[in-house]
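> quick one: sequence and predicted model below, then my questions.
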Amino acid sequence: MLSTTRRRFLKTALAAGAFPAVVPSAAFGANERLSLAVVGAGGRGRHLARQFAKLDEARVVAACDVDARALKTCVTEMHKAYGDTSCAGYADFREVLARPDIDGVVIATPDHWHALAGIAAARAGKHIFCEKPLANSIGESRALRDAVRSAGVVLQTGSCERSRDSARFCCEVVRNGYIGRLHRMFIHLPTDQGHHERVRQQSVLPAAETPPAELDYDMWLGHTPKIPYYPGLHPGSWRFNLSFGCGEMSDRGAHVIDLAQLGNNSDDTGPVKIAARGWDDRHGLYNTPMAFEFENIYANGVKMIGGTTRSPRGVRFEGDEGWIFLRIHEGTLEASDDKLLKLDPAAFKVRLGRTRSHEQNFIDAVKRGVHPFADAEVGHRSCTACLVNMMAMRLGRPLTWDPVQERFVNDDEANRLMTPAMRAPWSLA
């Protein structure tokens, strides 16, 4: 993945001991803080930096962004949060990874950078908190999962809804059979918010502009095709261009489908029958489907049905004895019978655990060896469940997915498209 010059530098640094060996959780003292670096210091990165800054067991010691404006804002916020100027700023994440004192990285870049940055971090022995979706393609997601396994580091996918008490309670209700046998999961993904409306207003390709002097635009593009700079991509709605994201399907879908995976006890697998269609793409700067629908079937017979709606965003589990609906972001619950909402989790045979926060769960995984709620396998499988539907939309036909081999069945074209061509010098190798 690294350029020849940078790879040579990092190999030299590794030989000199600049990269630590993977550190077992027992090596961290009870009062020792984890030193973290935020890679991607835009709005989401700054939010996560603030969340980690609230925790006594972590300290944000570095921030990195290819946009000097975002970087300055994030570093300044951390200086104020800690009352000193110890948080350093970087334009290149590889310089962050070369610091031996950094224990982990928080990756909050646009989606197309998640896998490459995450793989480099794993190879450098850094623990990883990576925003969802884990990648922008199935192949990249799998490569990141495999790199984390090989390195033996902790990865927490930023599927923060999974750590919400009400979400875990909801999935416990389902998995303990209180709605009977699960038959259907309805995925509600509204696209009527302000940022969706702004994207809808653009139907032709706007005029390109010169990138701002503060932005390393070529680095921002990374492995994706070299295209002119458009302010509507950065800072802005990059996720609605297929080179950088997959729109609502893998944005909020990565939250809602992730919870469906948890409720269906599918964290190590995924749907096998995929039917999906999307329409109303803009054929301009933004080319992700603005409206879509899908129906998937899992090997256990459970159907996952969803698409763009105007109802609250969330997942509704339907069994033969009742239903329960979880609204994400708010965490509120509705059910066919209020008694379902008053059940005592202490009586459940299947318990999913609780945590103070998604960020604390990551810290506990690194320091205490607890299993992260959204580890690399979980994140990869939820990401894949979103992206197999995007593939069906792209190809315009139903697909069969083999979650064991992680390949489409008898479909060479779909399998070739699982990993995008990468612009030099970047690769997954």
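Yep, that arrived.

> contacts and neighbour counts: CA atoms only from here.
Will do.

> residues making contact with stretch 354-361?
For stretch 354-361, contacts defined as Cα atoms under 8 Å, 6 or more residues apart in numbering pick out 51-52, 55, 158, 160, 162-165, 168, 370, 372-373.

> in helices only, show me those.
Gln51, Phe52, Asp165, Arg168 (DSSP state H).

> on that earlier part again, dump the contacts of stretch 354-361 into a markdown table; add distance to Arg181, neighbour count and pLDDT as well.
Listed next are the contacts of stretch 354-361 as a markdown table, based on distance: Cα to Cα, whole Å; neighbours: other Cα atoms under 10 Å; pLDDT from 0 to 100:
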| residue | distance to Arg181 | neighbour count | pLDDT |
| --- | --- | --- | --- |
| Gln51 | 38 | 15 | 98 |
| Phe52 | 40 | 21 | 99 |
| Leu55 | 40 | 13 | 98 |
| Gly158 | 30 | 28 | 98 |
| Cys160 | 27 | 18 | 98 |
| Arg162 | 22 | 23 | 98 |
| Ser163 | 24 | 23 | 98 |
| Arg164 | 24 | 19 | 98 |
| Asp165 | 23 | 16 | 98 |
| Arg168 | 18 | 21 | 99 |
| Val370 | 30 | 13 | 97 |
| Pro372 | 28 | 23 | 98 |
| Phe373 | 24 | 24 | 99 |
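
> so, low pLDDT: which residues of the stretch 201-350 of the chain?
Low-confidence regions of the stretch 201-350 of the chain, defined by pLDDT under 70, span residues 281-283.

> strands along that one, start to end?
Applying DSSP state E, counting those that start in this stretch to the stretch 201-350 of the chain gives strands spanning 273-279, 291-297, 303-307, 314-319, 322-327, 333-335.

> out of those strands, deepest packed?
strand 314-319 (a mean of 24; mean count of other Cα atoms under 10 Å).

> got the angle for it vs strand 322-327?
170 degrees (axes from the mean of the first three to the mean of the last three Cα atoms, to 10 degrees).

> between strand 314-319 and strand 303-307, how many degrees?
Going by the same axes, to 10 degrees, strand 314-319 makes 150 degrees with strand 303-307.

> what lies in contact with strand 314-319?
Contacts of strand 314-319 (Cα under 8 Å, 6+ apart): 174, 179-189, 256-257, 259-260, 323-328.

> swap the cut-off to 6 Å and go again
179-188, 256, 323-328 (Cα atoms under 6 Å, 6 or more residues apart in numbering).

> ditto for stretch 152-163
127-132, 255, 358, 362, 374-376, 379.

> just the ones of those in strands?
Among the contacts of stretch 152-163, the members found in strands (DSSP state E) are His127, Ile128, Phe129, Cys130.

> name the nearest of the residues you listed relative to Ala108.
Cys130 (6.6 Å; Cα to Cα).

> that closest one against Val105, yeah?
No - using Cα atoms under 6 Å, Cys130 is not in contact with Val105, being 8.0 Å away.

> who touches both of those two?
Common neighbours of Cys130 and Val105 (Cα under 6 Å, 6+ apart) do not exist.

> ok, of the ones in strands among the contacts of stretch 152-163, which one's closest to Ile297?
Nearest member of these to Ile297, counting by Cα to Cα, is Cys130, at 28.1 Å.

> that closest one: neighbouring residues, count only.
Neighbours of Cys130 under the rule other Cα atoms under 10 Å: 28.

> start the count at 15, not 1, going forward
Sounds good: first residue 15 from here, last item Cys144.

> list the contacts of it.
Taking Cα under 6 Å, 6+ apart as the criterion, Cys144 is in contact with Val120, Ile121, Thr171, Gly172.

> what distance do you get for the first one to Arg113?
Here Val120 is placed at a distance of 15 Å from Arg113 (Cα to Cα, to the nearest Å).

> these two: which is more packed in?
Val120 (28 against 16).

> Validate this expectation: the more buried one resides in a strand.
Yes - judged by DSSP: H, G, I helix; E, B strand; the rest coil, Val120 forms part of a strand.
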